[in-house]
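Peer 1: Predicted coordinates and the sequence they were generated for:
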Amino acid sequence: MSSEKSTKRLRRGGRILITVGLALSVAAAADQPAGWKEAATARMAKIEAEITATRQLAAQHPEEHAYRARLAGLQAQMDKLSSSMGGDLPAREGDGNRERAPLPLAPIPPASCTGTPYTFSNPTPVAIPDVAVVTSTINVSGAGAFLWDVNVTTFITHTFAADLDITIQSPSGTVVTLTTDNGAGNDNVFNGTVWDDSANPGGQVPYTTNSGLTTDNAYVNLTTATPLAPEEALGAFYGENPNGVWTITLSDDLAGDTGTLSNWSLDLVTLPTAPIQATSTFSNATPVGIPTGPAVVSSTINVSGAGTSMSNLVLTTFISHTFAADLDVTLQSPAGTVVTITTDNGAGNDDVFNGTVWRDNANPGGQVPYASNNGLVTDHAYVNLTLASPLVPEEALSAFRGEDPNGTWTLTISDDLAGDGGTLSSWSLDVTTATCCTAFAFSPSTLPSPILNVPYSQVITAAGGTGPYTYAVTAGALPPGFSLSSGGTLTGTLTALASFSFTVTATDANGCTSSQAYTLSTFSAFFKDDYGRSQMCVNRLT
């Protein structure tokens, strides 16, 4: 287990002990000597190694209260240092030899939908001064009205990357956090980064590093980290109308380093109209014990009968566990994609995920600069024995978008440190699938004779679409004395030879509609039926 994980275990997920003094510490940072941030980072790395060792000793010797006292002292030192650094934590050390990950494919829209890609950019440089907030905008126009997927690319040169907090705001006002305090003291690591929800399709626990997640990447100085799954899901923008002004906001929260936003761009996939969506819920209520770590357990849910193209997913977990930050949790789809729900968040609080609803759009605000950002699992201000819900998971659930959800889903829980255990009581998935309407036409059909009181739904057939069909009939010019009832039935008494027109609208099982006009003409005979009602025979349907 890396030393960073122990630090996150103590305080990640909300900066819960540093908020009050943050503004003062940032202001005072400007007076620090050169190299102080690097020294503070190195000191934090040393302290977290001591925290890891002390926690293990405390778990092995619960009767020795001195270990717990030392642990509290180390935690206080870490909080003070982190506060002076604007909330930063020491990052994993990279070796510089990791191959750049290939760019992922955009989630494929349903087969019946037409997804259109667009790219918009702003190449005007914006300086990023010390302890300041700057913005840049892109105006999107001419795109489809329904956003299926969005990626962001940034070209940012900046020394000490962890000074940066970056958000994206859509025309609808939704704000998504790309990164806060990640990258440690490395330079220019976001200079060419593609931020993509599906950047990290693997990463099954237990792991010590998980490159591809901005919160867990092993950054290397002067090396672009790309692609990265952002700290908050870009999937929060799903379904919005992307046309309008998008804003990137960059907050440099600590003095001593500056940079430039050279360029940024949006890659969008849109649909012309909203797809037809259907949601089904699947659950597993069989409890699974989570033994004190290190240990890994799992539970499965079989999804069947859903549509074949997933558009949205919501996960709910009922996990009782002391010291929540011991937990690393992932969700794996039938296609094998793995999404990290949480790693080392929740600090030493108990049962904070016991009823948590995990969804990409759990936190639609959170504009920088901020000290805490409730709603993000990585920035939430956790409270002992208090449910944290809803939460945006550490990796976006929209990484599953476009997959066929039918099959076995697996929730995997890793307890990575001794001394605490718990239970997964139950969990569930709300699976939403999408489809789009396809054009379909009616097959010509000869109406039976007589047609009096015969619903047209019995005589018009359809080709294409997805049956069964329901029909509605709208009359045009009717013969004198005739009317069309609400059920699409022709009624009345014929008083003159005439032709008339009507329109049949069919709605298929997906809610898609299609209409076709018909004209009745060349009436060849009229007669009375056994009940004295006027009848007419039809020779031709056009």
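Peer 2: Cool, got the structure.
Peer 1: drop to CA atoms for contacts and neighbour counts, all remaining ones
Peer 2: OK.
Peer 1: how close does Ser299 get to Thr410?
Peer 2: 6 Å (C-alpha to C-alpha, to the nearest Å).
Peer 1: repeat for Gly202
Peer 2: Taking C-alpha to C-alpha, one finds Gly202 at 13 Å from Thr410.
Peer 1: what does Val431 give?
Peer 2: In terms of C-alpha to C-alpha, Val431 sits 14 Å off from Thr410.
Peer 1: Look at the two and report which has more neighbours.
Peer 2: Set Val431 next to Thr410 and count neighbours by other C-alpha atoms under 10 Å: Val431 wins out with 21 against 17.
Peer 1: what helix or strand is the more buried one on?
Peer 2: According to DSSP states H and E, Val431 maps onto strand 422-435.
Peer 1: Show me what that strand is packed up against.
Peer 2: On a contact count with 3 or more C-alpha pairs under 8 Å, 6 or more residues apart in numbering; DSSP states H and E, strand 422-435 meets strand 276-284, strand 288-290, strand 310-321.
Peer 1: Can you name every helix or strand that the last one contacts?
Peer 2: Other elements packing on strand 310-321 under the criterion 3+ C-alpha pairs under 8 Å, 6+ apart are strand 354-358, strand 422-435.
Peer 1: quick one: strands adjacent to that strand?
Peer 2: Note on strand 310-321: by DSSP bridges, its sheet partners are strand 354-358 (antiparallel), strand 422-435 (antiparallel).
Peer 1: Just the C-alpha atoms of it, please, in CSV.
Peer 2: Extracted as CSV, the C-alpha positions of strand 310-321 are listed here (Å, rounded to 0.1, in the frame of the first residue of the first chain):
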residue,chain,number,x,y,z
MET,A,310,-27.1,2.0,-21.5
SER,A,311,-27.4,5.8,-21.2
ASN,A,312,-27.2,6.3,-17.4
LEU,A,313,-26.5,4.3,-14.3
VAL,A,314,-27.1,5.0,-10.6
LEU,A,315,-25.5,2.8,-7.9
THR,A,316,-26.8,2.6,-4.3
THR,A,317,-24.7,0.9,-1.5
PHE,A,318,-25.6,0.0,2.0
ILE,A,319,-22.2,-0.5,3.6
SER,A,320,-21.7,-0.5,7.4
HIS,A,321,-18.0,-0.1,8.2
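Peer 1: next helix or strand past it?
Peer 2: Going down the chain from strand 310-321, the next helix or strand is strand 327-332, by DSSP H and E.
Peer 1: tell me the mean pLDDT over whichever helix or strand comes after that next one?
Peer 2: Going down the chain from strand 327-332, the next helix or strand is strand 338-343, by DSSP H and E. On average, the pLDDT along strand 338-343 is 96.
Peer 1: Report the angle between strand 338-343 and strand 327-332.
Peer 2: Going by axes from the mean of the first three to the mean of the last three C-alpha atoms, to 10 degrees, strand 338-343 is angled at 160 degrees with respect to strand 327-332.
Peer 1: what's next to strand 338-343, contact-wise?
Peer 2: Applying C-alpha atoms under 8 Å, 6 or more residues apart in numbering, the contact partners of strand 338-343 are 200-204, 325, 327-332, 358, 377-378, 393-397, 399.
Peer 1: Can you tell me the element the closest residue to Ile168 other than its chain neighbours falls in?
Peer 2: Nearest non-adjacent residue to Ile168, counting by C-alpha to C-alpha, 6 or more residues apart in numbering: Ile248, 4.6 Å away. Applying DSSP H and E as the criterion places Ile248 in strand 244-252.
Peer 1: buried residues in that strand?
Peer 2: Neighbour-count burial for strand 244-252 flags 246-252 (criterion: 16 or more other C-alpha atoms under 10 Å).
Peer 1: Could you do stretch 424-444 as well?
Peer 2: Of all the residues in stretch 424-444, those buried under the rule 16+ other C-alpha under 10 Å are 424-429, 431-437, 440, 442.
Peer 1: For it, list the C-alpha coordinates in PDB.
Peer 2: Coordinates of each C-alpha in stretch 424-444 appear next as PDB, following Å, rounded to 0.1, in the frame of the first residue of the first chain:
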ATOM      1  CA  LEU A 424     -22.200  -4.900   2.600                       C
ATOM      2  CA  SER A 425     -25.900  -5.300   3.500                       C
ATOM      3  CA  SER A 426     -27.300  -4.700   0.000                       C
ATOM      4  CA  TRP A 427     -26.800  -2.800  -3.200                       C
ATOM      5  CA  SER A 428     -28.700  -1.900  -6.300                       C
ATOM      6  CA  LEU A 429     -28.400  -0.600  -9.800                       C
ATOM      7  CA  ASP A 430     -30.900   1.800 -11.600                       C
ATOM      8  CA  VAL A 431     -30.100   1.000 -15.200                       C
ATOM      9  CA  THR A 432     -31.300   3.400 -17.900                       C
ATOM     10  CA  THR A 433     -31.200   2.400 -21.500                       C
ATOM     11  CA  ALA A 434     -31.800   4.500 -24.600                       C
ATOM     12  CA  THR A 435     -33.100   4.000 -28.100                       C
ATOM     13  CA  CYS A 436     -34.100   6.400 -30.900                       C
ATOM     14  CA  CYS A 437     -37.200   6.300 -33.200                       C
ATOM     15  CA  THR A 438     -36.800   4.900 -36.700                       C
ATOM     16  CA  ALA A 439     -39.000   5.800 -39.600                       C
ATOM     17  CA  PHE A 440     -41.700   3.300 -40.500                       C
ATOM     18  CA  ALA A 441     -44.600   3.300 -43.000                       C
ATOM     19  CA  PHE A 442     -47.900   1.700 -43.200                       C
ATOM     20  CA  SER A 443     -48.500  -1.100 -45.700                       C
ATOM     21  CA  PRO A 444     -51.400  -0.400 -48.100                       C
END
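Peer 1: Just to be sure, Gly348 is in a strand?
Peer 2: No: Gly348: not assigned to a strand; according to DSSP: H, G, I helix; E, B strand; the rest coil it is coil.
Peer 1: Not counting sequence-adjacent ones, nearest residue to it?
Peer 2: Nearest residue to Gly348 in three dimensions, chain neighbours excluded: Phe323, at 4.1 Å (C-alpha to C-alpha, 6+ apart).
Peer 1: for Phe400, what are its contacts?
Peer 2: Neighbour list for Phe400: 107, 198, 310, 312-313, 333, 337 [criterion: C-alpha under 8 Å, 6+ apart].
Peer 1: Phi first, then psi, for it.
Peer 2: phi -90, psi -10 (degrees, to the nearest 10).
Peer 1: Straight-line length of stretch 111-126, end to end?
Peer 2: Stretch 111-126 end-to-end distance (C-alpha to C-alpha) = 41 Å.
Peer 1: ugh, wrong one, stretch 341-358
Peer 2: 8 Å.
Peer 1: how about it: buried residues?
Peer 2: Neighbour-count burial for stretch 341-358 [16+ other C-alpha under 10 Å]: 341-358.
Peer 1: picking that back up, was I right about the residue nearest to Gly348 contacting Gly346?
Peer 2: Yes: at 7.5 Å, Phe323 and Gly346 qualify as touching, with contact defined as C-alpha atoms under 8 Å.
Peer 1: Give me the number of neighbouring residues for Val152.
Peer 2: When neighbours are defined as other C-alpha under 10 Å, Val152 has 22 of them.
Peer 1: Oops, could you answer that again for Cys512 instead?
Peer 2: 17.
Peer 1: Need phi/psi at the spatially closest residue to it that is not a sequence neighbour.
Peer 2: Nearest non-adjacent residue to Cys512, counting by C-alpha to C-alpha, 6+ apart: Cys437, 5.3 Å away. Cys437 adopts backbone torsions of phi -70, psi 140, taken as degrees, to the nearest 10.
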